[in-house]
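Visitor: Need coordinates for the following:
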Amino acid sequence: MIIDRGLLLGFLLGLSTFACPAAEPANEEAARPAASPRAGGSRLPNLVLIMTDDQGWADLGTFGATGFETPHLDRLAAEGVRFTNWYVPQAVCGASRAGLLTGCYPNRIGMLGAPGPNSKRGIHAGEMLLSELVKQKGYATALVGKWHLGDHRKFLPLQHGFDEYFGLPYSNDMWPHHPGVRHLPMEKRLQRWPHLPLIEGNEVVNPKVTGEDQKNLTTRYTEKALDFIRRRKAAPFFLYVAHSMPHVPLYVSPKFEGKSKQGLYGDVIMEIDWSVGQILKALEDHGLEKDTIVLFTSDNGPWLSYGNHAGSAGPLREGKGTAWEGGQRVPCIARWPGTIPAGTVCHQPAMHIDLFPTMAALIGAGLPAHGVDGKDIRALFEQPATARSPHEAYYFFWGRALHAVRSGKWSLHFPHAYRSLEGAPGKDGLPGPYRQLRTPLALFDLESDPGQATDVSGMHPDVTARLKALGERFAADLKARQRMPGSL
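Guide: Predicted coordinates for the structure are as follows:
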């Protein structure tokens, strides 16, 4: 069946926005719109979601990177939309991924921080992940790369909607070569960090990942992704490529070693860019380019204490581990030829949690009965220059505490402590020290002051009061309707 593109876009724009946190559909069918095939055909769209680890907002050519080039990512932006105000739900690995895959703030589902090896908590079986959402429509699903939602078998990807999994269960520095224990004998190191395992399916295929193994991670992930596309090309699929890089320790294959002017960090980003190019080529070679949504983003901002082994947040304040813009705001670009207009920019705020309900709307899948925090942002993809965010505000937590609210151009920070570099950052894989600072209640105009340098709360008491009330109301709602993580 051939569907007229104009009729399809009109249909898409006419569909209503999905559930806010308080919404609970009367039944699944009531919450499920009709499926939305791609422009020009009847096939439901594939989704290729590519996420990097600790890549800063300014670490793409099209976002202003210097010292290295990202031609494939720049091409992706030229053929799609670039989001300049895309946010993570919390600026740390595990929590960010939990929000991305469930459409919920990590605090609502109890998935805080970054669970380490043998953690007794992980993603709850009662949470619906994006992989399980698309299963309603018969999608094939695969995760290649970092998981970080629990490493015990009950928490691993195959128990949560993924047909295939190949990668590391948590961050690549959670091993006995961590800089915090490298001075100790191996026996002592292993008491803190066990050996790093590589997993395929539910089985450990390499129990002691080495530095030499890590050099080939980006290439191996890419090869696995290409193989999945080749095998699953005949029907809709969801491919989640979660790169372990550029999280420290940095490793790069020989083919990109020494290629950038910036150093090892630039080499690593150039190899990730190569990986994106390989995936784009595979989609084209198999005739899937117009059938596939490709979205590229990062899990949080740069880990600034690692200096020349860390990325850049550009003009934004602070980095990973904080609720300031440099920690929460990340690069994001998306392409879907025929639906997302090429070469466009969206300045509206959006967040990882919005991908879940947006995908549900696109394919006609039902949301979970407990609702989600994200909203359908198809309009931002299809009309990036004119559409408005469906959210009144976004909420930035660190740990269990609400640190900031973003609404329109405004950012309100509640009084809180945060970490900031103390003196010079580290170098060549060793981190520099942090110190604890504290901010009072402060309001910032992000349009004129993206670096959050000037508190304007005294000039805009009405805005300050409105955002403060929004934050307090949301925190109360979250406390009343919070769910627990999975546990052993």
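
Visitor: For the stretch 351-488 of the chain, which segments count as strands?
Guide: All strands of the stretch 351-488 of the chain, identified by DSSP state E, counting those that start in this stretch, fall at 394-398, 401-407, 410-413, 416-421, 434-439, 442-445, 486-487.

Visitor: Looking at the ones you listed, which is nearest to Lys224?
Guide: Distance to Lys224, taken as CB to CB, is lowest for strand 486-487 among those, at 26.1 Å. Where C-beta positions appear, they are placed from N, C-alpha and C, glycine not excepted.

Visitor: which one of the strands of the stretch 351-488 of the chain lies closest to Val134?
Guide: Comparison of these against Val134 by CB to CB identifies strand 486-487 as nearest, at 21.0 Å.

Visitor: what helices or strands is the closest one leaning on?
Guide: strand 121-122 (3 or more CB pairs under 8 Å, 6 or more residues apart in numbering; DSSP states H and E).

Visitor: now the helix or strand containing Arg231: mean pLDDT?
Guide: Per DSSP states H and E, Arg231 falls inside helix 217-232. For helix 217-232, the mean per-residue pLDDT is 98.

Visitor: Correct me if wrong: Trp303 contacts Pro246.
Guide: No - judged on CB atoms under 8 Å, Trp303 makes no contact with Pro246 at a distance of 9.1 Å.

Visitor: Settle it for me: which of those two has more neighbours?
Guide: Pro246 (30 against 24; other CB atoms under 10 Å).

Visitor: Okay, and that one sits in which element?
Guide: Here Pro246 is assigned to no helix or strand, by DSSP H and E.

Visitor: What backbone torsions are found at it?
Guide: For Pro246, the backbone dihedrals are phi -90, psi 30 (criterion: degrees, to the nearest 10).

Visitor: can you pull the contacts of it?
Guide: Contacts for Pro246 (CB atoms under 8 Å, 6 or more residues apart in numbering) come out as Thr52, Asp53, Asp54, Gln55, Asp59, Tyr265, Val268, Ile269, Ile272, Gly311.

Visitor: Could you rerun that using 6 Å?
Guide: By CB atoms under 6 Å, 6 or more residues apart in numbering, the contact list for Pro246 reads Asp54, Gln55, Val268.

Visitor: now Gly374
Guide: Counting by CB under 6 Å, 6+ apart, Gly374 makes contact with Gly103, Ile353, Asp354, Phe356, Pro357.

Visitor: how does it look with 7 Å?
Guide: Gly103, Met351, Ile353, Asp354, Phe356, Pro357 (CB atoms under 7 Å, 6 or more residues apart in numbering).

Visitor: now do His195
Guide: Trp175, Pro176, Pro207, Lys208.

Visitor: switch the cut-off to 6 Å
Guide: Counting by CB under 6 Å, 6+ apart, His195 has contacts Pro207, Lys208.

Visitor: Could you grab the helix/strand/coil label for it?
Guide: Following DSSP: H, G, I helix; E, B strand; the rest coil, His195 is assigned to coil.

Visitor: if I look at it, how far off is Asn308?
Guide: Using CB to CB, to the nearest Å, we find His195 at a distance of 28 Å from Asn308.

Visitor: again with Asn107
Guide: 33 Å.

Visitor: neighbour count winner among these two?
Guide: More crowded of Asn107 and Asn308, by other CB under 10 Å: Asn107, with 26 against 15.

Visitor: The more buried one: what secondary structure?
Guide: Here Asn107 is helix, with the state taken from three-state DSSP.

Visitor: Please look at it and Phe397 and confirm they touch.
Guide: Yes - if you go by CB atoms under 6 Å, Asn107 and Phe397 touch, sitting 5.2 Å apart.

Visitor: So which residue is dead centre in the chain?
Guide: By CA atoms, centre = their mean, the chain has its centre lying nearest to Asp299, at 4.0 Å.

Visitor: how about that residue, what does it touch?
Guide: Met51, Asp53, Cys93, Ser96.

Visitor: can you check Glu212 too?
Guide: Contacts of Glu212 by CB under 6 Å, 6+ apart: none found.

Visitor: and it, that one's in a helix?
Guide: Yes - counting by three-state DSSP, Glu212 is part of a helix.

Visitor: distance of it from Pro89?
Guide: Using CB to CB, Glu212 is found at 35 Å from Pro89.

Visitor: same check, this time on Asn300
Guide: Taking CB to CB, one finds Asn300 at 10 Å from Pro89.

Visitor: for whichever helix or strand Gly99 is part of, packing partners?
Guide: Per DSSP H and E: Gly99 is located in helix 93-102. Using 3 or more CB pairs under 6 Å, 6 or more residues apart in numbering; DSSP states H and E, no helix or strand is in contact with helix 93-102.

Visitor: could you redo the last one with a cut-off of 10 Å?
Guide: Other elements packing on helix 93-102 under the criterion 3 or more CB pairs under 10 Å, 6 or more residues apart in numbering; DSSP states H and E are strand 46-52, strand 121-122, helix 130-135, strand 237-242, strand 292-298, helix 355-363.

Visitor: buried ones in that helix?
Guide: Cys93, Gly94, Ala95, Ser96, Arg97, Ala98, Gly99, Leu100, Leu101, Thr102 (16 or more other CB atoms under 10 Å).

Visitor: How about stretch 481-488?
Guide: For stretch 481-488, by 16+ other CB under 10 Å, it's Pro485, Gly486.

Visitor: same thing with stretch 262-271?
Guide: Gln262, Leu264, Tyr265, Gly266, Asp267, Val268, Ile269, Met270, Glu271.

Visitor: Pretty sure the third one sits in a strand.
Guide: Yep, that's Tyr265 we're talking about. No - counting by three-state DSSP, Tyr265 is not part of a strand but helix.

Visitor: re the thing from before, can the buried residues of helix 93-102 go into TSV with extra columns for distance to Leu158 and pLDDT?
Guide: Formatted as TSV, the buried residues of helix 93-102 follow (distance: CB to CB, whole Å; pLDDT from 0 to 100):
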residue	distance to Leu158	pLDDT
Cys93	20	97
Gly94	18	98
Ala95	22	98
Ser96	22	98
Arg97	16	98
Ala98	17	98
Gly99	21	98
Leu100	18	98
Leu101	14	98
Thr102	17	98
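
Visitor: Return the closest of those with respect to Ile333.
Guide: Checking the buried residues of helix 93-102 one by one against Ile333 (CB to CB), the nearest turns out to be Leu100, at 15.6 Å.

Visitor: Pretty sure that closest one sits against Cys93.
Guide: No - between Leu100 and Cys93 there is no contact under CB atoms under 10 Å: 11.0 Å.

Visitor: Dump stretch 123-130 to PDB, restricted to CA.
Guide: Taking C-alpha atoms only, stretch 123-130 is exported to PDB below (Å, rounded to 0.1, in the frame of the first residue of the first chain):
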ATOM      1  CA  ILE A 123      15.900  -2.100  36.100                       C
ATOM      2  CA  HIS A 124      12.600  -3.400  37.500                       C
ATOM      3  CA  ALA A 125      10.800  -6.100  35.500                       C
ATOM      4  CA  GLY A 126       7.700  -4.100  35.700                       C
ATOM      5  CA  GLU A 127       9.100  -1.200  33.700                       C
ATOM      6  CA  MET A 128       8.500  -1.100  30.000                       C
ATOM      7  CA  LEU A 129      11.600  -0.300  28.000                       C
ATOM      8  CA  LEU A 130      11.800   1.100  24.500                       C
END
